[in-house]
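*Asks:* Okay, predicted coordinates and the sequence, questions at the end:
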Amino acid sequence: MIQQAEALIPTKWGNFRMLAFSDKPNDWMPHLALIYENTNMEGAVLTRIHSECITGDLFGSRRCDCGEQLYSAMELAAREGGIVIYLRQEGRGIGIINKLKAYNLQDLGLSTVDANLHLGLQVDARDYHIAIDILKALNITKVRLLTNNPDKIEVFDRSGIQLVDRVPLVIAPHAENRGYLQTKREEMGHLF
């Protein structure tokens, strides 16, 4: 994973440097790192590993808590100094087309886990080692990980990057995502 480009991105939370990482210089969907200005990269860096969710991040879908998690992470990174790693792994790695098919199955009563399995897909096909590669490229050696996902915690085992602390990222549930959050807790072991 090589840094291909960098630019200043002013946001409503303040200024972030956005870095694009890919093995190919012309990759149109690189992974991204957003680093808040003046973040101390030598201490334990507040870090959010966030997988792309077009429906939640971009369109504000209330079926999940993804967009709310992203914006909370951006706010916390700005408040405390930190980094958001944005992995291009839509729909837990199944892509937007399969995600929309899974949504239709969820509307028929299947959980998010059962919908993926019904489609012959993995429950979660994401690869968090990509985030480790990005952190290493940034020379980050210690993190405070902003997550509820035990898989993201586990990827730090034997990574060479010290996981100093897990910082919960709890979003208040609402009617449209209550079942989704319950499935994440009960079937995927998320820590709420």
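*Replies:* Great, that's in hand.
*Asks:* Show me where the protein has its strands.
*Replies:* 2-11, 14-22, 31-36, 45-51, 82-87, 142-146, 162-167 (DSSP state E).
*Asks:* Once you drop chain neighbours, what's closest to residue 59?
*Replies:* In space, and not counting its chain neighbours, residue 59 is closest to residue 67: 8.0 Å by C-beta to C-beta, 6 or more residues apart in numbering. Glycine gets a C-beta too; all of them are placed from N, C-alpha and C.
*Asks:* How many residues are close by the residue nearest to residue 162 when sequence neighbours are not counted?
*Replies:* Using C-beta to C-beta, 6+ apart and skipping the chain neighbours, the partner closest in space to residue 162 is residue 142 (4.5 Å). A count of neighbours around residue 142, defined by other C-beta atoms under 10 Å, yields 16.
*Asks:* TSV for the strands of the chain, including mean pLDDT and distance to residue 71?
*Replies:* Compiled in TSV, the strands of the chain are given as follows (pLDDT from 0 to 100; distance: least, C-beta to C-beta, whole Å):
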stretch	mean pLDDT	distance to residue 71
strand 2-11	97	10
strand 14-22	98	13
strand 31-36	98	12
strand 45-51	97	10
strand 82-87	98	10
strand 142-146	97	12
strand 162-167	96	16
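*Asks:* Okay, and the beta partners of the residue nearest in space to the middle of the chain?
*Replies:* By C-alpha atoms, centre = their mean, the chain has its centre lying nearest to residue 50, at 1.0 Å. Beta bridges link residue 50 to residue 86 when assigned by DSSP bridges.
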